[in-house]
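**Student:** coords below, sequence missing:
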């Protein structure tokens with residue numbers, strides 16, 4: 001079946017980060033001629049309409065036969081694999097194609113493929129000039145978001161080869177490449193940067209999640225604790241998971257007596273992140289400096305000289321003064 005190029009690659013060039021940009025399917029509509037207002041050779045409008053309907057019926061039959069012949073023709077899997085590899089390589093992708101399927105052609109008579117890669121996500125590939133490709137993880141994420149907004153939404157072309165269905169493993173692979181060792185339990189492509197790089201969110205089991213971006217120099221990762229402190233949302237991370245992370249880091253430190261109830265990212269610099277923790281015991285709290293995934297230093301609250309001091313924790317003296 002012919003596919004619309006715009007249905008595959010209509011991704012907007014710029015992204016307000018956190019707002020997904022969706023692929024918008026388009027459909028070509030053939031507009032039937034209106035009724036003639038002229039008489040030709042004395043023939044009536046009704047006769048002319050009948051002739052036009054007959055011509056249109058024959059045209060549709062011819063096109064239907066052509067499409068059926070095209071769909072019935074066996075595709076050479078090796079040729080599809082080679083053509084998809086050529087197109088992907090031309091886009092600058094490092095994908096090593098292990099399997100490919102010819103899906104049909106776009107409205108511009110350009111071949112459309114689905115390709116499986118040895119590592120990472122697969123792609124929907126348009127062998128245009130220049131070629132274009134959209135990864136399966138991005139397409140699946142956008143389809144999920146679109147269907148959540150409108151269950152009847154037309155989400156366009158999606159990846160269907162079995163090897164491209166395990167999107168969770170793709171996100172786990174991204175996390176490993178970015179140096180994240182958590183157990184990834186969810187993932188979603190949430191949009192694109194102004195330079196066209198895809199931004200992903202991953203959720204970690206019992207731990208803080210991340211926003212990931214693949215750049216020319218490698219992966220950048222931003223913890224959800226930082227994302228949320230900027231007023232943005234991480235849909236796969238809970239406050240309890242973030243509290244659990246800090247509680248684990250407190251083990252064996254001067255803050256090990258703290259049962260963490262609430263945390264707040266105060267800021268960060270070259271020396272690490274500064275996180276305030278409110279403890280279960282009344283009036284008890286700490287500011288922890290986290291460096292390279294470990295507690296480098298803890299300061300008991302109140303600590304007025306650090307980042308404006310403790311704000312989650314109030315001392316009994318302060319409570320009495322307020323009263």
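**Tutor:** Now that the structure is in, tell me what you want to look at. Please read these numbers as outputs of a predicted model, since none were measured by experiment.
**Student:** Show me where the stretch 101-250 of the chain has its strands.
**Tutor:** In the stretch 101-250 of the chain, the strands defined using DSSP state E, counting those that start in this stretch lie at 111-117, 123-126, 132-135, 184-192, 198-204, 207-215, 218-223.
**Student:** so how far is the first one from its chain's centroid?
**Tutor:** From the chain centre to the centre of strand 111-117 is a distance of 19 Å (CA atoms, centre = their mean, to the nearest Å).
**Student:** Check which helices and strands that strand sits against.
**Tutor:** Packing partners of strand 111-117 (3 or more CB pairs under 8 Å, 6 or more residues apart in numbering; DSSP states H and E): helix 77-90, strand 97-105, strand 123-126. (Glycine included, C-beta is placed from N, CA and C.)
**Student:** Would you indicate which residues of the first one are buried?
**Tutor:** Going by neighbour count (16 or more other CB atoms under 10 Å), the buried part of helix 77-90 is 80-81, 83-85, 87-88, 90.
**Student:** same thing with the second one?
**Tutor:** Using 16+ other CB under 10 Å as the test for burial, strand 97-105 gives 97, 99-103, 105.
**Student:** Could you dump those into a markdown table and include distance to residue 157 and pLDDT?
**Tutor:** Converted to a markdown table, the buried residues of strand 97-105 look like this (distance: CB to CB, whole Å; pLDDT from 0 to 100):
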| residue | distance to residue 157 | pLDDT |
| --- | --- | --- |
| 97 | 18 | 97 |
| 99 | 17 | 96 |
| 100 | 14 | 96 |
| 101 | 12 | 94 |
| 102 | 13 | 94 |
| 103 | 7 | 92 |
| 105 | 12 | 89 |
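**Student:** which residues does the closest residue to residue 138 other than its chain neighbours form a beta bridge with?
**Tutor:** Ranked by CB to CB, 6 or more residues apart in numbering and with sequence neighbours excluded, the top spatial neighbour of residue 138 is residue 189, at 4.3 Å. With DSSP bridges as the criterion, residue 189 is bridged to residue 200.
**Student:** got a list of what residue 189 touches?
**Tutor:** Taking CB atoms under 8 Å, 6 or more residues apart in numbering, we find residue 189 in contact with 20, 137-138, 140-142, 198-200.
**Student:** and if we set it to 6 Å?
**Tutor:** By CB atoms under 6 Å, 6 or more residues apart in numbering, the contact list for residue 189 reads 137-138, 141, 198, 200.
**Student:** if you take the average position of the protein, which residue is closest to it?
**Tutor:** residue 189 (0.8 Å; CA atoms, centre = their mean).
**Student:** From residue 271, how far off is it?
**Tutor:** Using CB to CB, to the nearest Å, we find residue 189 at a distance of 33 Å from residue 271.
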